[in-house]
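Trainee: Pasted the sequence and its predicted model underneath.
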Amino acid sequence: MSSLRKCTECGKEAHTEDQLELFTKSKKSKYGRENLCKECCSTNNKEWRKRNKEKASLYKKKCHIRDRYGITLEEYEACMETSVVCEVCGTTEDLCYDHDHNTMEFRGVLCSKCNRSIGQLGDTLESLERATEYLRKHYE
């Protein structure tokens, strides 16, 4: 039986459609799979990341920003340059990108503590107002 795919690194072969699952996906390649099995592809990627730490780190950051916020690294950096301090508490430590989770629109630069606190309260004015009233009641 002839193979549908054969790994160019280790020689592993796929003879059936099910065995093609062992190979890296590719829209451009025959049968929708590369001539590289997933194991060898993973090994090659790990070795490349070890040799190219800066490029790998930048690529990871770009992908994270694209997947999380739906914007480019350049757009993210432009937003982060709008403030050098947390817009709630004024700290310069651990600044992050705050966005509306419904619209994905950038709201401002917050420290991670303030960002998490607002998120834990549900990202609503009503919940923040209730928390403020609660604190006022106990400070008087």
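Mentor: Sure, I can see it.
Trainee: For the spatially most central residue of the chain, which residues are in contact?
Mentor: In the chain, the residue lying closest to the centroid (Cα atoms, centre = their mean) is His64, at 2.3 Å. Contacts of His64 were listed using Cβ atoms under 8 Å, 6 or more residues apart in numbering, and none were found. From N, CA and C alone the C-beta is placed, and that goes for glycine too.
Trainee: which stretches of this protein aren't confidently modelled?
Mentor: Within the chain, the segments meeting pLDDT under 70 span 1.
Trainee: domain ranges for it?
Mentor: For the chain, automatic domain parsing gives the domain ranges 5-48, 52-81, 84-140.
Trainee: Only the buried residues of the longest helix that the chain contains, if you could.
Mentor: In the chain, with assignment by DSSP state H, the single longest helix is helix 53-69. For helix 53-69, a neighbour-count test (16 or more other Cβ atoms under 10 Å) marks 65, 69 as buried.
Trainee: which outside residues touch the next helix or strand after it?
Mentor: Counting by DSSP states H and E, the next helix or strand C-terminal to helix 53-69 is helix 73-80. If you take Cβ under 8 Å, 6+ apart as the criterion, helix 73-80 is touched by 58, 61-62, 65, 69, 71, 95, 97, 106, 109.
Trainee: With distance to Gln19 added, can I get these in JSON lines?
Mentor: Putting the contacts of helix 73-80 into JSON lines (distance: Cβ to Cβ, whole Å) gives the following:
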{"residue": "Leu58", "distance to Gln19": "36"}
{"residue": "Lys61", "distance to Gln19": "36"}
{"residue": "Lys62", "distance to Gln19": "34"}
{"residue": "Ile65", "distance to Gln19": "37"}
{"residue": "Tyr69", "distance to Gln19": "38"}
{"residue": "Ile71", "distance to Gln19": "39"}
{"residue": "Leu95", "distance to Gln19": "49"}
{"residue": "Tyr97", "distance to Gln19": "43"}
{"residue": "Phe106", "distance to Gln19": "46"}
{"residue": "Val109", "distance to Gln19": "50"}
